[in-house]
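Visitor: Sequence first, predicted coordinates after that:
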Amino acid sequence: MKKLYTGAAVVALSTSAVMAQEVEVLHWWTSGGEAAALNVLREDLAGNGIGWTDMPVAGGGGSDAMTVLRARVTAGDAPTAVQMLGFSIQDWAAEGALANLDALAEEQNWNEVVPEALQAFSTYDGHWVAAPVNVHSTNWVWANTALMEELGIEQPETWEDFVAAMQTAQDAGYTALAHGGQAWQDATIFDSMVMGVGGPEFYQASMIDLDADALGGELMVEAFDRMNTLRGFVDDNFSGRDWNLASAMVINGEALFQIMGDWAKGEFVNAGQTAGEEFQCFRVPGTEGTVTFNSDQFAMFGVEDEGDQASQLAMATAVMSPEFQIAFNVVKGSAPARTDIDASSFDACGQAAMADLAAAGESGGLFGSMAHGHANPPSIQNAMYDVITAHFNGEYDSATAAEEMVTAVELNQ
Amino acid sequence: MLSGGADFRTRLQNWLPKIVLAPSFAVMVLFVYGFIAFTVYLSFTGSRMLPSFDLVGFQNYERLFRVRQWDTAIVNLGVFAGLYIVISTIIGLFLAIFLDMKIRGEGLLRPIFLYPMALSFIVTGTAWKWILDPAIGLEVTVQRWGWETFQFDWIKDSDMAIYTIVIAAVWQSSGFVMAMFLAGLRGIDNEILKAAQMDGASTFQMYRRIILPQLRPAFLSAFVILSHLAIKSYDLVVAMTDGGPGTSTWLPALFMYEYTFTRNQMGIGAASAVIMLMTIAAIMVPYLYAELREKN
């Protein structure tokens, strides 16, 4: 039955694709900086005579966009290219809905320049189905330099230093950790706690392999204990706050640290601050040498029409070109998806991100972020969210939370 | 011939209403009952991201009742629906009774009380979210007025957040309930009241013995409308707390949407929708049955 479904989708697609040399792109990059970054791609394609039908669906995490996509595909009218994250690509590929980009990848040597951990999401069953745009890493701490100097805090090297630094800030009457109490933000800091407590092997075993012993074990309890510690350093009004408002607290000097992915950098830069001067970035203590990432990709949907296929390949080529990767990622705050790109046009944090990414890719320390859907499928990811956020809001103690992780994974597999 | 024509006419007249209603009836059957049937069917399949048609028996229901968030959603629904229906009905009834005392300015007051119903739950939710937010709303305002120790941070407290949703929902619906009761009160025959007055009944007795019993249909409408509003409540929670803090304000409708559309667990989502439908049926059917039978 599944086959019949996608079969119908493909047939409908070929008939609906009337205009040749045009791409219809579904995405959720609607904020100012993101839209500007996307414009780079649009102009690049226009230079090659390829039209661009924009199909923006607002909503940060892209879940609204995915709902729209589901409706479009069910109606047999899928867009040509869709911005996608992690496991969604795999899910759609499993439905047989995505195009095969192998020839292009072969020709342009994608296998060499894209880190292997990233390829795991761009390929399905050994075939390329998507073109990666960027790599966001999520285990960053953003810090207010002026506040660090005022309080006499050095960049913390260990978890203990980190806690001590936050204690100093709290004692001085500042918010130590700016945080927004939304499930995905709680999960974002949880990623770093798991990595910090147990290192890469534990992260692999618990978050990716979903090993029940790891999920419910001592180390997991310790990771939850660290969440409790962090809970003690956020302000009372954290619940439901958006991440960019939490960044604003660090920017304004009300708060010392924020643990957040590198899209937070855009907020600092927009406020006229410079990396390494007004604000600092460093890896969450305990997670140095590793990078938890999420990656935006353009998944290409299967089209029959040759003109459409050609414009699809042109778009994939444009996405993977070094010029676009630089232009886009400088604006977006992330690192390029290719590791062979000149870092000179990036700021201090961007350069650090690219160096870390390359090193982690070499040493096997590059892992998909659970919080951002790159470690396990959405059903399990969200079940973990429930446990993490319930624990962070005081509904479970650490031991119960670890048990609940096992149950949540079991129920949703 | 003539009689045949007349016969045709009568027959046409008999059939015309049915013919005219047929298309909308067909559409209704398909889009309401058809999709209910489809949802029930989906709840027995292993559907994940897209509908699939492989039957898996009661697996989805077993999983549903083992998911903690479903327990939370059910308990929250009990608290929310109970308080919401009772409080809205009481406030609505009293507003109607007071407005019915022939006070001056009724024409002005009535739309003021009724107006919240004109707002969508999203607007209500967003407004109340700001009002109840301790950092920018009521709490900080009262503190600035000089009551330094004033605290009202329920919306940020996992144990109390569900009650803030009750507050917003009651605010929204009480005026509407008032309008229904007011209509009921205006429909009561003045002669009976005058007779009762002559017999020396006190106002309280009149309300208890004569007026309230006559308001039964209004109570029924209020209950039917409020309980279905409560069970389908989704937008208010999304706007006010988005299910948080943590997962403490989840309601079944939120659960259904999350599982079906963002978690690729369509089977479990469908199962939860079926349970919601059965809940509504379990409350409404006996109530309607009792009410309608009495009339006959």
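Guide: Great, that's in hand. Residues are numbered from 1 along each chain as shown, chains lettered A, B, ... in the order given.

Visitor: Next one: the closest residue to A:Val234 other than its chain neighbours, what pLDDT does it get?
Guide: Counting by CB to CB, 6 or more residues apart in numbering or on different chains, A:Val234 lies nearest to A:His179, which is 4.5 Å off, once chain neighbours are set aside. (Glycine included, C-beta is placed from N, CA and C.) The predicted local distance difference test score for A:His179 is 95.

Visitor: so A:His179 touches A:Phe257, yeah?
Guide: No: assessed by CB atoms under 8 Å, A:His179 is found out of contact with A:Phe257, at 9.3 Å.

Visitor: Can you pull out the low-pLDDT segments for the stretch 51-200 of chain A?
Guide: Scanning the stretch 51-200 of chain A with the threshold set as pLDDT under 70 gives A:59-61.

Visitor: Tell me the residues of it that contact chain B?
Guide: When proximity is defined as CB under 8 Å from any CB of the partner chain, the stretch 51-200 of chain A approaches chain B at A:63, A:66-67, A:70, A:73-74, A:91, A:95, A:181-183.

Visitor: Filter those down to just the ones in helices.
Guide: Using DSSP state H, the subset of these located in helices is A:63, A:66-67, A:70, A:73-74, A:91, A:183.

Visitor: For the residues you listed, which single residue is the most surrounded?
Guide: Neighbour counts for those (other CB atoms under 10 Å in any protein chain shown) peak at A:Met66, which has 26 neighbours.

Visitor: Leaving out the residues flanking it, which one is nearest to that one?
Guide: Spatial nearest neighbour of A:Met66, excluding adjacent residues (CB to CB, 6+ apart): A:Ser88 at 6.3 Å.

Visitor: For that neighbour, pull up the helix or strand it's in.
Guide: helix A:86-94 (DSSP states H and E).

Visitor: Other residues contacting that helix?
Guide: With contact meaning CB atoms under 8 Å, 6 or more residues apart in numbering or on different chains, helix A:86-94 is reached by A:66, A:84, A:98, A:121-122, A:124-125, A:129-130, A:294-295, A:297, A:299, A:301, A:368, A:372-374, A:376-378, A:381, B:48-49, B:264.

Visitor: can you check stretch B:123-141 too?
Guide: So stretch B:123-141 is contacted by A:236-237, A:240, B:116, B:150-156, B:164, B:167-169, B:171-172, B:235-241 (CB under 8 Å, 6+ apart).

Visitor: can you check stretch A:195-203 too?
Guide: A:139, A:159, A:194, A:206, A:214, A:219, A:222-223, A:226, A:284-287, A:290, A:292, A:364-365, A:367.

Visitor: again with stretch A:299-311
Guide: Contacts for stretch A:299-311 (CB under 8 Å, 6+ apart): A:10, A:13-14, A:17, A:20-23, A:45, A:50, A:73, A:78-84, A:88-89, A:92-93, A:96-99, A:101, A:129-131, A:312, A:315-316.

Visitor: Just those: which are in strands?
Guide: Using DSSP state E, the subset of these located in strands is A:22-23, A:81-84, A:130-131.

Visitor: Save the residues you listed as a markdown table, and put in neighbour count too.
Guide: A markdown table is the format used below for those (neighbours: other CB atoms under 10 Å in any protein chain shown):
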| residue | neighbour count |
| --- | --- |
| A:Glu22 | 17 |
| A:Val23 | 25 |
| A:Ala81 | 26 |
| A:Val82 | 29 |
| A:Gln83 | 26 |
| A:Met84 | 27 |
| A:Ala130 | 29 |
| A:Ala131 | 26 |
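
Visitor: out of these, who's nearest B:Leu251?
Guide: Using CB to CB, A:Met84 comes nearest to B:Leu251 of these, at 29.9 Å.

Visitor: what's the neighbour count on the nearest residue to that closest one once chain neighbours are set aside?
Guide: Distances taken as CB to CB, 6+ apart place A:Ala299 nearest to A:Met84, at 4.5 Å, with adjacent residues excluded. Residues near A:Ala299, counting by other CB under 10 Å, number 27.
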